[in-house]
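S.K.: below is the sequence, then the predicted model.
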Amino acid sequence: MGVLAVARRAERLEQLATSARGSAGVIVPVVADLTEAAGIAATLAAAAGVADGIDLLVNNAGFGIAGEHLALPLERELACIQLNVVALVELTRRLLPGMVARGRGGVINIASTIAFSPVPYFATYAATKAYVLHYTEALAVELRGTGVHALAVCPGPVRTEFESVAGNGRFQRSIPNLAASRVADATLSAWDRGRTVAVVGAVNRLITWFNGLLPRAIVRSMMGKLARPTTVSLPPGLESHR
Ligand SMILES: NC(=O)c1ccc[n+]([C@@H]2O[C@H](COP(=O)([O-])OP(=O)(O)OC[C@H]3O[C@@H](n4cnc5c(N)ncnc54)[C@H](OP(=O)(O)O)[C@@H]3O)[C@@H](O)[C@H]2O)c1
């Protein structure tokens, strides 16, 4: 079984390919920036080169950006939407027709537990994950009877480089972080059981269930208190609007 692994850092991908050699099968590095059209094109070209077609698409690449929306760099927020939503939709839309034609395979989209509620000070990222969750659930229904499946995975905080990229330290550490291997195992298990949505971890399942019982106004206000950075800064001229 072969895997096309896509990311921007070539040396990391090479290490991954080397470590997998002889055990996990063949990992083929594809160096591409999925926020760029050229990166999507390179990824699709690599996929087109797979003899029997792609059986499983895992849309995992994603990042967050924490802080007061009006103080965050707009380009970075737009890049977040581009990667977490636009690239995910384009890869799904372009690779799934081949799977449907073959009558097997599917897509695993990595959402998050914050997909279930608005999160002030993490507004754009949380909204991208809400998109991923709803899109995947809707797609799963449309795919019924085709032999192709869609799964949305919703982890809570996970020990990865996510926090150092997103800068969401306090919020990230508000509940115990899971190991990435735990999320991977839960993902594969949910896939094997044909699930459509998998919230990973008992605490995360409990929080998600409880949030669903509360009025939205309480949930968004509670999330705002949890995610509010200790120091917030608005751009010059907007301080009086706080
Ligand atoms: N960690 C958490 O607490 C947490 C919780 C819930 C959901 N998630 C979701 O889990 C997924 C994986 O995140 P992670 O926690 O593993 O974070 P991570 O350690 O920062 O990993 C992100 C991965 O995406 C790749 N990537 C980032 N930007 C890319 C781009 N423009 N083009 C191609 N690849 C790109 C990175 O490789 P390069 O940098 O080399 O490109 C890296 O492999 C994300 O969708 C995230 O939103 C994470």
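M.R.: On my side now, so go ahead.
S.K.: make it CA atoms for all contacts and neighbour counts henceforth
M.R.: Noted.
S.K.: could you point out the longest helix in the chain?
M.R.: Secondary structure assigned by DSSP state H gives helix 123-142 as the longest helix of the chain.
S.K.: contacts for that one, please.
M.R.: 63-66, 69, 77, 80-81, 84-85, 109-112, 114-119, 149-152, 196-197 (CA atoms under 8 Å, 6 or more residues apart in numbering).
S.K.: then stretch 94-101?
M.R.: So stretch 94-101 is contacted by 53-55, 57, 105-107, 146-148 (CA under 8 Å, 6+ apart).
S.K.: now the strands for this protein?
M.R.: Along the chain, the segments classed as strands by DSSP state E run 2-7, 26-31, 56-59, 105-110, 148-154, 197-199.
S.K.: does the last one come close to the ligand?
M.R.: No: judged by CA under 6 Å from any ligand atom, strand 197-199 stays clear of the ligand, getting no closer than 10.0 Å.
S.K.: with the second one instead?
M.R.: No: using CA under 6 Å from any ligand atom, strand 26-31 stays clear of the ligand, with a minimum separation of 7.8 Å.
S.K.: and that strand, which strands flank it?
M.R.: strand 2-7 (parallel) (DSSP bridges).
S.K.: now do the strand it pairs with: distance to the chain's middle.
M.R.: 16 Å (CA atoms, centre = their mean, to the nearest Å).
S.K.: do stretch 127-145 as well
M.R.: Mean-position distance between stretch 127-145 and its chain equals 13 Å (CA atoms, centre = their mean).
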